[in-house]
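Student: turn this into a structure:
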Amino acid sequence: MELVYTIKRSPKRKQLTITVERDRSVVVHAPESTSEEKIRAIVESKRQWIYEKTRHAQKYALPHPPGKELVNGESALYLGRQYQIEVVQNDLGEVRFEQRFFIPARFAGDRKQVLREWYVARAKEKILPRAKKIAKDLGVEFNNAKIVDNRFRWGSCTTKDNINFNWRLIKAPMYVVDYVIVHELAHLLEANHTPRFWNIVRAQTTKMEKAKQWLLEHGQILEEEI
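Tutor: So this is what the prediction gives:
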């Protein structure tokens, strides 16, 4: 069976890496000078690994399930816990969180959008400063950090040393958020998922295995619309 993959070349990249995205697509990140033949040979040598990754039943489940209706009695996830939603008849101009979500009734047609905006704002408020602190602890520097809407990744580190985090991470427990931050920052020290890479991550987050398991079991919930 022929392996289908996309090649992304970069003049700044020194090593070839292969990633399997959450939609099961295979992407080869290669230095600009790497030949098609060499890429084909490396991909072929990783055939079994790719096969196992693309058939991972939980991690690569269909993204963005329908989600919940934002009505009284429902709940929404924030930092690993479910909080009740209460639709209120008042003049609130935005979502308010006080151990439950208060959503103004006047946003009847846009409740999911306003809650999503609230999540994005909290992600910027909590994740980005945390990334700066962890980078300092690791002794690395990045150019820019952003909260993004990425359908198939929790985080990414670019060849220009920019780091991106999926806003949906704010729904996960903080130890999971920290794990994803450390994972991406560790790529500034080690591009590939080598033993050295995992040693760096493990040294910075004692709950690495627990965080990986949480994402494995609950990743699909994070990917719900809300």
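Student: center of the chain - which residue?
Tutor: Trp154 (0.6 Å; C-alpha atoms, centre = their mean).
Student: contacts only, for that residue.
Tutor: 165-166, 168-169, 180, 215 (C-beta atoms under 8 Å, 6 or more residues apart in numbering). Bear in mind the C-beta positions are built from the backbone N, C-alpha and C, glycine included.
Student: again, only using 7 Å
Tutor: Going by C-beta atoms under 7 Å, 6 or more residues apart in numbering, Trp154 touches 166, 169, 180, 215.
Student: any idea how far stretch 115-126 is from the middle of the chain?
Tutor: The chain centre lies 14 Å from the centre of stretch 115-126; the measure is C-alpha atoms, centre = their mean, to the nearest Å.
Student: can you point out the buried residues in that stretch?
Tutor: Judged by neighbour count using 16 or more other C-beta atoms under 10 Å, the buried positions of stretch 115-126 are 115-116, 118-120, 122-124, 126.
Student: how about the strands in the chain?
Tutor: Applying DSSP state E to the chain gives strands spanning 6-10, 17-20, 26-31, 75-78, 81-88, 96-97, 101-104, 144-148, 155-157, 162-166.
Student: adding mean neighbour count, mean pLDDT and distance to Glu52, write the ones you listed out as TSV.
Tutor: Output for the strands of the chain, formatted as TSV (neighbours: other C-beta atoms under 10 Å; pLDDT from 0 to 100; distance: least, C-beta to C-beta, whole Å):
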stretch	mean neighbour count	mean pLDDT	distance to Glu52
strand 6-10	13	87	19
strand 17-20	18	82	9
strand 26-31	18	87	12
strand 75-78	18	86	29
strand 81-88	15	85	32
strand 96-97	14	86	40
strand 101-104	21	83	39
strand 144-148	16	94	28
strand 155-157	19	88	22
strand 162-166	21	93	24
